[in-house]
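> My questions concern the predicted model and sequence given below.
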Amino acid sequence: MVQTWHFLSDAPGDFWAIAFLALVADLTVFGGDPRTSALTRTPLSACFAFAIFAMWGPAPAIVVQTCAASVSAWRQALTPLRGMFLVSRLILAYVVAELTAYLILGDRPITQPGVGLDGRDMMAFIPPMIAWLVVCFGLGVLIRGIWRDSFRAGMFGIQDDLLSTAVALLVVSPLLTTISGWWATIIVIPVLVLNQALRDEVSSRERLRREPVTGLLNRGGLLYRLAALTAGDTSGSTGPRSIAIVFVNADAAMTVSHNLGRGVYEEMITSAGERLKTVFGDDQVGRLGGEGFVLILPDLTTRQALEQAELAVRVLEPAIYVEGIPFGVDPTAGVAISPQHGRDLTTLIGNAELAVADAQRGARRAALYARDASDTAQYRFDILADLSAELTGKSIRNGLSVLYQPQVALATGRLVGVEALVRWTHPVLGPVPTGDLISAIESSQIMQLLTRRVIREATTQVAAWNEAGTPIRVSVNVSMNDLRTDVLPDMLRAALATTKIQPEQLTVEITEGAVITDLPRIALTARAITALGIGLSLDDFGTGYASLQQLRRLPLTEVKIDRAYVADIVTNPASQAIIRSLHELSQALGLEVVAEGIEDEATAAALSRLPGMIGQGWLFGRPMPPAELEQWVRERGGCEILPLA
């Protein structure tokens, strides 16, 4: 220590010039990605301090390096513990480098200030430099490996730092020893240019990993972050590292975008992202386009992950103000945990989204992914793929069939029409419940193909019944998506032209739920349908979705009272009053009334007291194939066709 003090008090100008440059250089960071390599990053001053080590030994180098590294730690805003580790590993690296040099060179320094380097000097540089690099980076890898329980994980992302530091030590440090005094400052220019180039490259990579609107991690950034966290999992002694992926939906924000424009939406989503960054940190929050926010949270138990997901929802629940106007994000969160719920980002986010849907169904802030949700999604996708193959002719199987359920006049018991109901038997899964079938395909174009098939088969069957002298009216169901296009009226027009049936023999059924989604567009389609002479029926009437104003805008010819009211009409005075009111309203509007779900004689008798009531349910007949329906009609003494209003 005394010798070091004496040296510093009498140090030559060459030393002070290089020491000054070391301090100045560490006002910036030399290479590396500050988000992933804080334990292994090397400050720019290392090449200057190593030159001092080569000329004047380890003690002056350690003093200069300690001062410069402290500046670097402050400049990088490292925590005190990380700052101390940075300084400590550099000091230890010089100690080991000195031992290596002593074993090779004895007491002489590697070179002399301002003296040109010969081959022996350059060869003497290499062993201490290698020792310095091994200790400096080895300690960082060791600590990161212990922390992550994997030395492979500890090595993740150090390649750039290691290469740039080795180049600086091998090129810059020897040059500094050959230039006397303050002329050494000319070395700073190329070093700083190199440093800036490296920093620019790091910044460019970082920008590519960031979403431009909010500055949050994009898919590339999330992939990089997940790779950094899971690197070396296979060699960990306690198994793969637990990583929670939390998906927080932002559906309400997308509604704002559609209604008020992109500008308001971007301000809203940026404010939401800032809230999440404040709580969870800048490198743990990402965003996937308009889908929602993603959190990557390492080393959490299942309970802790759910708690953090609920915290994220609570953070976003308060209104976000844009130009003084409050907006709600209406967040819900889903959690998937690696490795049990998947290892790759796409799988984990997909499973977290399934958990969001589960949370929404249960009116909860957050839910953990359950494997049966994925099984359901895969089940639906299998249905969609196999039905698509059948409808497009890519499969020789024909598991689709159209069955017909009778609709009878309750006053006479005679058939007045049938409802066409599709059934599908999967070659492996067997009969697929209708609800599963519709939920799997209703959001795809396959729904339109199915509607086309049902209309074609139903109208062809009506034509066959006409030729047999048994004219029957048929009702077919269409989806919400069918009603939003111009294709449905054309489809119906073509079916009428091909089969030559009367338009009055065909009724299209729509649901109350479909009406409220896009009433203006659906009303246009509905008017195009009735303009063909085809009837229009409102299914599930009375469930509360449609208002009288909406009913007035649709050219309806029939309503079907929901089975929820029909089931307990005998015992429930409220259901009796509701059905009576709906019947009177419908009759006043000139609409036919069908009661669904009649299962017993008492219910049929109670409904038959209402004039003109039509009934449908298993009491009269289950959905049946055409031949069986024809036998049913013969046993009932024929059928009648009701005129459409």
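Looks like it came in fine.
> quick one: low-confidence parts of the stretch 201-350 of the chain?
The model of the stretch 201-350 of the chain has pLDDT under 70 over residues 201-207, 231-239, 289-291.
> where along it do the strands fall?
Secondary structure of the stretch 201-350 of the chain (DSSP state E, counting those that start in this stretch): strands located at 243-249, 285-288, 292-298, 320-322, 325-327, 333-338.
> now the angle between strand 333-338 and the first one, please.
Orientation of strand 243-249 against strand 333-338 (axes from the mean of the first three to the mean of the last three Cα atoms, to 10 degrees) gives an angle of 160 degrees.
> Partner strands of strand 243-249, with direction?
strand 292-298 (antiparallel), strand 333-338 (antiparallel) (DSSP bridges).
> For A305, find the nearest of the ones you listed.
Closest of the strands paired with strand 243-249 to A305 is strand 333-338, at 5.0 Å (criterion: Cβ to Cβ). Any C-beta I mention is one placed from the backbone N, CA and C, and that applies to glycine too.
> mind listing what the nearest residue to L410 once chain neighbours are set aside touches?
Sequence neighbours aside, S608 is the residue nearest to L410 in space, at 3.9 Å (criterion: Cβ to Cβ, 6 or more residues apart in numbering). When contacts are counted by Cβ atoms under 8 Å, 6 or more residues apart in numbering, S608 touches 410-411, 615.
> Output the longest helix belonging to the protein.
With secondary structure taken from DSSP state H, the chain has its longest helix at helix 119-148.
> picking up where we left off before, adding distance to S45 and mean neighbour count as columns, could you present the strands of the stretch 201-350 of the chain in JSON lines?
Listed next are the strands of the stretch 201-350 of the chain as JSON lines, based on distance: least, Cβ to Cβ, whole Å; neighbours: other Cβ atoms under 10 Å:
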{"stretch": "strand 243-249", "distance to S45": "35", "mean neighbour count": "27"}
{"stretch": "strand 285-288", "distance to S45": "33", "mean neighbour count": "26"}
{"stretch": "strand 292-298", "distance to S45": "32", "mean neighbour count": "24"}
{"stretch": "strand 320-322", "distance to S45": "45", "mean neighbour count": "17"}
{"stretch": "strand 325-327", "distance to S45": "49", "mean neighbour count": "13"}
{"stretch": "strand 333-338", "distance to S45": "39", "mean neighbour count": "26"}
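> In TSV, list the strands paired with strand 243-249 along with distance to V64.
Shown next, in TSV, are those (distance: least, Cβ to Cβ, whole Å):
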stretch	distance to V64
strand 292-298	37
strand 333-338	45
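> of these, which approaches N477 most closely?
Across the strands paired with strand 243-249, N477 has its closest neighbour in strand 333-338 (32.2 Å, Cβ to Cβ).
> Only alpha carbons, please: show that closest one as PDB.
The C-alpha trace of strand 333-338 is given here as PDB (Å, rounded to 0.1, in the frame of the first residue of the first chain):
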ATOM      1  CA  ALA A 333     -55.600 -12.100 -16.900                       C
ATOM      2  CA  GLY A 334     -54.600 -15.600 -17.600                       C
ATOM      3  CA  VAL A 335     -51.600 -17.500 -16.400                       C
ATOM      4  CA  ALA A 336     -49.500 -20.300 -18.000                       C
ATOM      5  CA  ILE A 337     -46.400 -21.600 -16.400                       C
ATOM      6  CA  SER A 338     -43.300 -23.000 -18.100                       C
END
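> Off-centre distance for it?
11 Å (Cα atoms, centre = their mean, to the nearest Å).
> OK, contacts around W618?
598-599.
> how about 6 Å then?
Contacts for W618 were tallied using Cβ atoms under 6 Å, 6 or more residues apart in numbering; they are E599.
> helix, strand or coil for it?
Recorded secondary structure, W618: coil (DSSP: H, G, I helix; E, B strand; the rest coil).
> same question, the one 3 residues further on
Under three-state DSSP, the three-state class of G621 is coil.
> Name the nearest residue to it, ignoring sequence neighbours.
Nearest non-adjacent residue to G621, counting by Cβ to Cβ, 6+ apart: P406, 4.5 Å away.
> For the helix or strand encompassing A355, buried residues please.
Applying DSSP states H and E as the criterion places A355 in helix 345-361. Under the neighbour-count criterion of 16 or more other Cβ atoms under 10 Å, helix 345-361 has 345, 348-359 buried.
> can you give me the angle that helix makes with strand 292-298?
Angle, helix 345-361 to strand 292-298, by the same axes, to 10 degrees: 110 degrees.
> ok, and what's touching helix 345-361?
Here helix 345-361 makes contact (Cβ under 6 Å, 6+ apart) with 222-223, 226, 245, 247, 249, 332, 334-336, 338, 341-342, 366-367, 369, 373-374.
> Pick out the residue closest to the middle of this structure.
Among the residues of the chain, the one closest to the centroid is I349, at 5.0 Å (Cα atoms, centre = their mean).
> And the residue nearest to L410, how close does it get to N477?
Computed as Cβ to Cβ, to the nearest Å, the S608 to N477 distance reads 26 Å.
> Repeat that for L384.
For L384 relative to N477 (Cβ to Cβ), the value is 18 Å.
> next one: L86
According to Cβ to Cβ, L86 and N477 sit 70 Å apart.
> more neighbours, these two?
Neighbour count, other Cβ atoms under 10 Å: between L86 and N477, L86 has more, with 24 against 19.
> Which helix or strand contains the more buried one?
Using DSSP H and E, L86 maps to helix 80-105.
> what about the stretch 401-550 of the chain, any weak spots by pLDDT?
513-518, 542-550.
> so what's T214 up against?
Contacts for T214 (Cβ under 6 Å, 6+ apart) come out as 270, 273, 287.
> Now the residues you listed in TSV, please, with extra columns for distance to L170.
Formatted as TSV, the contacts of T214 follow (distance: Cβ to Cβ, whole Å):
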residue	distance to L170
T270	45
G273	43
R287	42
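> need the strands for the stretch 501-645 of the chain, in chain order.
Per DSSP E, counting those that start in this stretch, the stretch 501-645 of the chain carries strands over the ranges 506-511, 535-541, 558-561, 592-595, 614-616.
> List the contacts of the third one.
Residues lying outside strand 558-561 but in contact with it, judged by Cβ under 6 Å, 6+ apart, are 537-539, 541-542, 579, 582, 586, 591-596.
> Mind doing that once more with 7 Å?
Here strand 558-561 makes contact (Cβ atoms under 7 Å, 6 or more residues apart in numbering) with 507, 535, 537-542, 579, 582, 586, 591-596.
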